[in-house]
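Participant: Quick one, fold the following:
(2 chains)
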Amino acid sequence: MFPKALWMKEWKHNVLISISVLIVFLLSYFLNAVMSLDTWRTMAEQSPQYWEQNKVNEINGLFSPDVFGVIAIGLVILLAGFLIGLEKSTKRHDFSMALPFSRQQMFATKYVFGMLSIVLSFTISFWLAVMVISQSEFSSLLSNVDLWEVFIMPLAVYAFIFAFSMMIGSITGEIKSQIALTFIFLFLPQGLFMLISQLVYVHGGQLNSGNLEPVMTDLFWFMYLSPYMYEQLSVWTPIVALIVASVAGLLLFIKAPSEYTGDFITFRSLHPIFLVGIPLCSVLLGGMLVSSIAPYNSGMTIAVILYWIGATIFLFFSWKITKRLLNRA
Amino acid sequence: MIKVNNVTKSLDRTRILDQVNFQVQPGTITGVVGRNGAGKTTLLRMISGIIHADNGSISVDGKSVYREPDIKQNIVFVPDSTDALKAYSVKEIVKFYKTVYPSFDETYYYNLLDKFNFKKTGKIKQMSKGQKALFSLILAFATNAQYILLDEPTDGLDVIIKKDILQFIAEEVAKQDVSVIISSHRLDELEKMADHIVVLKDGTVESEVEMEELKQQYKKVQVAYHDAFPSDIQEHMDVLSQSGRVGVVLIKENDEENEAVLRQYDPILFEELPLTLEDVFVAKLGGDLYVS
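Facilitator: Sure, this is the predicted structure:
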């Protein structure tokens, strides 16, 4: 299933990005833990009262990826981009496809290579941080953290985002469209909700978000990087999404037409969806942006006029850009 | 044997290949010729399993390259660009090829590197364009694969390296039991070494001929007349060139009818010239097939 030659090929082309992932996780957990010990000692000595009040937050904050989490998400998407999109953007795609291996083997090797890079880097960094704390005078603080939860939640999301980007890479024809569409589709539910809310709001209505709570929390993947949100979230959501994205990615990779590599999207049957979807979202975005400049105390009419001016401008340009994107083959 | 059976392929609703049929026999050199955009590269990419045919089938030794990709251990596709190799060093690529192709002959590979004065260290990207082209051929032949597919192997190369490459291919095919398919529009190059020619025109196999037979099928005649060059000759025959009263015409070997037409105007010169492959294809396919 995982031929040695394919491992060698993926290693050759992707080892640097994999090391980058490891470095970010080491900075996020291990180095952060080492540095935090010093900060905590100073706090405990100089402001004991403050330290007593905040030590639980401090230890939880250590296991909250924050900025490094966002960087890690970027690198995870880039890793998937290097594994699939970059190969398609270059002559390496033909070279790979001409090798005596099945597409299942190719996808499986890329997938496992990327997934192992993420899981091993994260696991090593995380448990090194735990080890550093447990060996220090602050080891008792670990009892205030649900270690399993702060370990599995972000890891499940990194793994899902990687699998999702691999799936997007299977339908796109090059690295730029893979990365752009991964970001867009990762936040599409929340983005669409925001855009439609604004459309309704400008026209005097109010969208009830009550029924859409799961979309705004469970499917908003950044939530899984904050331990403070874990009570509201289930680890099964990213795990189920991971399984779906992985299976879909494999099937799409097998079916992907190699003759259209280098194009925005390789599946011609998806063109109508993008031909409608991109201008439609652009209309909503243009309307939202331009209506936001309406004076606070102006009437609804001004806001509506501005909304549709923005929508029209964005429609014109997005239609042109979309046609060019899809017809550039 | 490679069998291309009724293969059809469209790209963006444009038919690139339509009901293409041909076979490649073991130990032969097959030239796939056609004008730019005739579908030569698409055909080679399909044989090597990179892209799928819309209809029809391609088999190598009776096995489908799509369903049984292991058979591709016997096929090496050498594209017109060597970009895919540029990240590797001369040593790394051997290690990689040995893993992919179990029959890879390392001794033969290094002997050829010596023969062509290649350095045995350093990155492939540091080589010149011609060296890269020759190097990718050496790699391909060192795999001991039974079928080697070469897409425009001499495109954009200088005369000296081109000669080296063509000589190398001819020598290796003579030594090994290997079949080579070469796509090219350089007819003069194919003429020297191909056993079999497949002519693609508008996505279909316009003709498929053995080289020896082809040269026996046509003859090239130079004719000159007292008066102006007869217009019905220009209209009804393949005139390769014409200047004033002198013209060069391609006719079929036993085409007595056309020969009689040429003679009925009392030519002051009627001389048979040596026939080249280019003459036949320019006459039959027209225009810019031959690109030097």
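
Participant: which parts of the stretch 51-200 of chain B sit against chain A?
Facilitator: Counting by C-beta under 8 Å from any C-beta of the partner chain, the residues of the stretch 51-200 of chain B close to chain A are B:51-52, B:69-73, B:75-77, B:79, B:81, B:83-85, B:87-88, B:92, B:95-96, B:99-101. The way it works is simple: take the backbone N, C-alpha and C, and place the C-beta from them, glycine included.

Participant: from those, which ones fall inside helices?
Facilitator: Counting by DSSP state H, the part of these found in helices is B:92, B:95-96, B:99-100.

Participant: and the residues you listed, which two are the farthest apart?
Facilitator: Distance extremes for those: the farthest pair is B:Glu92 and B:Val100 at 12.7 Å, using C-beta to C-beta.

Participant: between these two, who's got more neighbours?
Facilitator: Legend: neighbour count by other C-beta atoms under 10 Å in any protein chain shown for B:Glu92 and B:Val100, higher for B:Val100 (20 against 15).

Participant: so what's the more buried one up against?
Facilitator: The contact partners of B:Val100, by C-beta atoms under 8 Å, 6 or more residues apart in numbering or on different chains, come to A:5, A:99-100, B:73, B:143.

Participant: between those residues, which is nearest B:Gly56?
Facilitator: Taking C-beta to C-beta as the measure, B:Gly56 sits nearest to A:Pro100 out of the contacts of B:Val100, at 21.8 Å.

Participant: what ranges of chain B fall below the confidence cut-off?
Facilitator: Along chain B, the parts satisfying pLDDT under 70 run over B:284-292.

Participant: Could you do chain A as well?
Facilitator: A:328-329.

Participant: got the residues of it near chain B?
Facilitator: Neighbours of chain B within chain A, by C-beta under 8 Å from any C-beta: A:3-5, A:8-9, A:12-13, A:90-92, A:94-102, A:257-260, A:268, A:329.

Participant: From those, list the buried ones, please.
Facilitator: Among those, those that count as buried by neighbour count (16 or more other C-beta atoms under 10 Å in any protein chain shown) are A:3, A:5, A:8-9, A:13, A:90-92, A:94-102, A:258-260.

Participant: before we move on, the earlier item: whichever of the residues of the stretch 51-200 of chain B next to chain A end up buried, select them in PyMOL.
Facilitator: Buried residues among those (16+ other C-beta under 10 Å), as a PyMOL selection:
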select buried, chain B and resi 51+69+71+72+73+75+76+77+79+81+84+85+87+88+96+99+100+101
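
Participant: mind listing which of the residues of the stretch 51-200 of chain B next to chain A are in strands?
Facilitator: In strands, judged by DSSP state E, the following of these are found: B:75-77.

Participant: nearest to chain A, of the residues you listed?
Facilitator: B:Phe77 (4.2 Å; C-beta to the nearest C-beta).

Participant: Contact partners for that closest one?
Facilitator: Neighbour list for B:Phe77: A:94, A:98, B:44-45, B:47-48, B:50, B:149, B:151 [criterion: C-beta under 8 Å, 6+ apart].

Participant: got the domain boundaries for chain B?
Facilitator: Annotated domains of chain B cover B:2-202, B:214-285 [automatic domain parsing].

Participant: what's the most buried one of those domains?
Facilitator: Stretch with highest mean neighbour count among the domains of chain B: domain B:2-202 (a mean of 19; mean count of other C-beta atoms under 10 Å in any protein chain shown).

Participant: OK, contacts around the closest residue in space to A:Ser139 that isn't next to it in sequence?
Facilitator: In this structure, A:Ser139 finds its nearest non-sequential neighbour in A:Ile133, 6.2 Å apart by C-beta to C-beta, 6 or more residues apart in numbering or on different chains. Residues near A:Ile133 by C-beta under 8 Å, 6+ apart: A:33, A:37, A:59, A:62, A:139, A:141-142.

Participant: Tell me the most packed of those, by neighbour count.
Facilitator: When neighbours are counted by other C-beta under 10 Å, A:Leu62 leads the contacts of A:Ile133 with 25 neighbours.

Participant: can you tell me how far it sits from B:Asp12?
Facilitator: Going from A:Leu62 to B:Asp12 by C-beta to C-beta, to the nearest Å gives 54 Å.

Participant: same thing with A:Leu325?
Facilitator: Distance from A:Leu325 to B:Asp12, counting by C-beta to C-beta: 14 Å.

Participant: circling back to that earlier point, select from the buried ones among the residues of chain A next to chain B every entry located in helices.
Facilitator: Among these, the ones falling in helices (DSSP H) are A:5, A:8-9, A:13, A:92, A:94-97.

Participant: In CSV, list those residues along with distance to A:Asn208.
Facilitator: As requested, these are arranged in CSV below (distance: C-beta to C-beta, whole Å):
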residue, distance to A:Asn208
A:Ala5, 56
A:Met8, 55
A:Lys9, 52
A:His13, 49
A:Arg92, 50
A:Asp94, 52
A:Phe95, 54
A:Ser96, 50
A:Met97, 50
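
Participant: and the two most separated of those residues?
Facilitator: A:Met8 and A:Asp94 (18.2 Å).

Participant: Flag every buried residue along stretch A:194-203.
Facilitator: A:194-195, A:197-199, A:201-202.

Participant: what residues does that stretch touch?
Facilitator: Here stretch A:194-203 makes contact (C-beta under 8 Å, 6+ apart) with A:206-207, A:209, A:281, A:284-285, A:287-288, A:291, A:300, A:303-304, A:307.

Participant: try it again with 7 Å
Facilitator: Stretch A:194-203 is contacted from outside by A:206-207, A:281, A:284-285, A:287-288, A:291, A:303-304, A:307, using C-beta atoms under 7 Å, 6 or more residues apart in numbering or on different chains.

Participant: Could you identify the most distant pair in those residues?
Facilitator: Spatially, the most separated pair among the contacts of stretch A:194-203 is A:Gln206 and A:Cys281, at 21.5 Å (C-beta to C-beta).

Participant: In stretch A:144-151, which residues are buried?
Facilitator: For stretch A:144-151, the neighbour count (16+ other C-beta under 10 Å) marks A:145, A:150-151 as buried.

Participant: want to throw the contacts of A:Ile133 into CSV with secondary structure?
Facilitator: Formatted as CSV, the contacts of A:Ile133 follow (DSSP: H, G, I helix; E, B strand; the rest coil):
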residue, secondary structure
A:Ala33, helix
A:Leu37, helix
A:Ile59, helix
A:Leu62, helix
A:Ser139, helix
A:Leu141, helix
A:Leu142, helix
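
Participant: from these, which is closest to A:Val244?
Facilitator: Nearest to A:Val244 among the contacts of A:Ile133, counting by C-beta to C-beta, is A:Leu62 at 32.1 Å.

Participant: Does the closest one touch A:Met35 like I think?
Facilitator: No - the pair A:Leu62 / A:Met35 is not scored as a contact, 9.7 Å apart, by C-beta atoms under 7 Å.

Participant: that older thread, for the ones in helices among the buried ones among the residues of chain A next to chain B, which one is nearest A:Val235?
Facilitator: A:His13 (32.2 Å).

Participant: Please report how far the residue in the stretch 151-292 of chain B positioned nearest to chain A lies from A:Ile133.
Facilitator: Per C-beta to the nearest C-beta, B:Asp151 is where the stretch 151-292 of chain B lies closest to chain A, at 9.4 Å. Distance, B:Asp151 to A:Ile133, using C-beta to C-beta: 59 Å.
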